[in-house]
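Enquirer: I'll drop the sequence and a predicted model, then ask my questions.
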Amino acid sequence: MILLDGKHIAAQIRSELRTEVEALTANGRRVPHLAVIIVGENPASVTYVNNKIRACQDVGIEADVIALSDNISQEKLLLEVERLNANPSIDGYIVQLPLPEHINETDIIRAIDPMKDVDGLHPYNVGLTAFGLPSIVSATPKGIRELLARYDIQTEGKHVVVIGRSNIVGKPMAMLLMQRPYLALSKTASAALGDATVTVCHSKTRNLKELCLTADIIIVAVGQPCLLTADMVRKGAVVIDVGINRVPALATERGYRLVGDVDFKLVSKKCSYITPVPGGVGPMTITSLLQNTLQAYMMNNSQ
Ligand code: NDP
């Protein structure tokens, strides 16, 4: 079994990004600039935002956090979004999800300027991705694609089972994998990805185990510890664990530890490649956000 080391690959990509950002400033151009809106103080969201800001600093991308109270009205949040749309010094921004229940997430996402939508969630970018056209691709599926490419894991003709159909992971992941082949964006990745036969599963899927047993690659994005067990995985399969779950661990300083959706201990004995949690998909997602920010910068400052 080979561990798909997202932390290591993310560090490689960040080093490449740092070089690109340094080249911009060496040519007298300003550095790319990301903004992150966070509403409320959901502990997991605060951690993710802090990690994103640190990652920006690491590669030389300027980053601001706009922290808003969790009782902000939808109208006021929309005003913040419009302000960022109109601000020429902001190349891209994200609205950290989830949002409080009184705010309609779809309304907020639709208000983001698609050219600054570095989470790749706006229907315009999702539509371009579905067409197989250049677009800002949702960060987690993009990171998984990159991880597969850097380990030279081909998807052509493979049966991929994606568990989860969310707009941020499951659906865009399925779209990328089923497309006609394209080369991964990175300079060093050699694999052409796409051309897979994709099955998307969700909470109403009746024969999850049977479907998984026919999969060459399983991508799990559910949010339930140990959803994927060893009896659901055939020998030699590739397993990508997107889940991030906090489980109580009283002996630790934080009182919890992070686990994925896969029963790692037993599944890892059967598969050919597997991502750990933490250190697998998570760092790749953040790195994709950095890549998307640079992409937005290039699109918005092309002349
Ligand atoms: P959502 O809650 O939006 O989607 C979960 C999906 O899982 C839904 O489609 C749901 O089905 C499906 N599901 C729920 N129960 C089952 C079941 N028993 N069998 C099969 N499918 C099931 O989650 P997200 O996609 O936003 O996130 C999924 C996980 O990935 C979370 O743990 C999240 O924290 C993590 N995550 C990690 C990232 C990273 O960078 N590593 C990035 C983004 C998310 P239905 O549609 O029918 O309800």
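Expert: Ah, there it is.
Enquirer: got the contact list for stretch 209-224?
Expert: Where contact means CB atoms under 8 Å, 6 or more residues apart in numbering, the residues beyond stretch 209-224 that reach it are 140, 144, 148, 153, 155, 158-164, 166, 169-170, 173, 196, 199, 201, 205, 227-228, 231-234, 237-245, 260-262. Using the backbone N, CA and C atoms, a C-beta is placed for each residue, glycine as well.
Enquirer: at 7 Å instead, please
Expert: For stretch 209-224, the external contacting residues (CB atoms under 7 Å, 6 or more residues apart in numbering) are 144, 155, 158-164, 166, 169-170, 173, 199, 201, 227-228, 232-234, 237-243, 245, 261-262.
Enquirer: just the buried residues of those.
Expert: When neighbours are counted using 16 or more other CB atoms under 10 Å, the contacts of stretch 209-224 contain these buried positions: 144, 155, 158-164, 166, 169-170, 173, 199, 201, 227-228, 232-233, 237-243, 245, 261-262.
Enquirer: from N292, how far off is the spatially most central residue of the chain?
Expert: The centroid of the chain falls nearest to T140 when counting by CA atoms, centre = their mean (1.5 Å). The span separating T140 from N292 equals 11 Å under the rule CB to CB, to the nearest Å.
Enquirer: ok, now how distant is the closest residue to I112 other than its chain neighbours from the ligand?
Expert: Leaving aside its chain neighbours, I112 sits nearest to H122 (5.4 Å; criterion: CB to CB, 6 or more residues apart in numbering). According to CB to the nearest ligand atom, to the nearest Å, H122 and the ligand sit 17 Å apart.
Enquirer: how many residues are close by H122?
Expert: Summarising burial for H122: neighbours were counted as other CB atoms under 10 Å, giving 20.
Enquirer: OK, contacts around it?
Expert: The contact partners of H122, by CB under 7 Å, 6+ apart, come to I109, R110, I112, P114.
Enquirer: ok, and the most crowded of these?
Expert: For those, neighbours were counted using other CB under 10 Å, and I112 has the most, 24 neighbours in all.
Enquirer: how far away is that one from the ligand?
Expert: Taking CB to the nearest ligand atom as the measure, I112 and the ligand are separated by 18 Å.
Enquirer: ditto for L99
Expert: The gap separating L99 from the ligand is 13 Å, by CB to the nearest ligand atom.
Enquirer: please verify my assumption that A196 contacts K158.
Expert: Yes: counting by CB atoms under 7 Å, A196 sits close enough to K158 to count as a contact (5.0 Å).
Enquirer: quickly check: stretch 205-221 near the ligand or not.
Expert: Yes: with CB under 6 Å from any ligand atom as the measure, stretch 205-221 is seen reaching the ligand through T205, L208, A221.
Enquirer: for stretch 241-255, that is, sorry about that
Expert: Yes: using CB under 6 Å from any ligand atom, stretch 241-255 reaches the ligand at V242, G243, I244, N245.
Enquirer: before I go, just wanted to say thanks for your time.
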